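Engineer: Pasting the sequence and the predicted model now:
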Amino acid sequence: QVQLDESGGGLAQAGGSLRLSCVASGRSISTESMAWFRQAPGKERELIAAISWAGRRTYYVDSVKGRFTISKDNDKNTLYLQMNSLKPEDTAFYSCAGRRTGYSLSGIDYAYWGQGTQVTVSS
């Protein structure tokens, strides 16, 4: 079983940047597709970025395109989310997730999840 541990969340000002990290243990993520989800208060969880197991394909929800970048370092067994030009509406609880096959846009298709980290963006 894969365990995921997120870090890097916190408080940022609008226009600022944060980088989330998701360290995996238990199995190499080199053969895993990974994703970042977020859930804001009173809203449903949404997938915001995904990356294929080889890192060749990525997906971004429209609201973060051009601002967020997902990447994975297989040597460090770590998934990243670089978040630039942050907006107050990016405030949410962010979680990473993984699955064995190609990435999916649906959270129910992911086999394992991290505990999550809070991101708060002030205006």
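Structural biologist: Nice, thanks for sending it over.
Engineer: Bridge partners for the closest residue to residue 22 other than its chain neighbours, pull those for me.
Structural biologist: Leaving aside its sequence neighbours, residue 22 sits nearest to residue 96 (C-beta to C-beta, 6 or more residues apart in numbering; 3.5 Å). In short, each C-beta sits where N, CA and C put it, glycine included. In this structure, residue 96 bridges to residue 36 when assessed by DSSP bridges.
Engineer: Next, count neighbours for residue 96.
Structural biologist: 30 (other C-beta atoms under 10 Å).
Engineer: With residue 122 instead?
Structural biologist: 11.
Engineer: oh, and call the first residue 567 from now on, that's how I've got it
Structural biologist: Okay, using 567 as the starting number, the last item reads as residue 688.
Engineer: Can you name the residues bridging to it?
Structural biologist: Going by DSSP bridges, residue 688 forms beta bridges with residue 579.
Engineer: ok, it - contacts?
Structural biologist: Applying C-beta atoms under 8 Å, 6 or more residues apart in numbering to residue 688 gives the contacts 577, 578, 579, 580, 654.
Engineer: In PyMOL, select just the buried ones from these.
Structural biologist: Selection of buried members from the contacts of residue 688 for PyMOL, criterion 16 or more other C-beta atoms under 10 Å:
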select buried, resi 578
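Engineer: Relative to residue 613, which of the contacts of residue 688 is nearest.
Structural biologist: residue 654 (20.6 Å; C-beta to C-beta).
Engineer: how close does that closest one sit to residue 612?
Structural biologist: When C-beta to C-beta, to the nearest Å is the yardstick, residue 654 and residue 612 sit 16 Å from each other.
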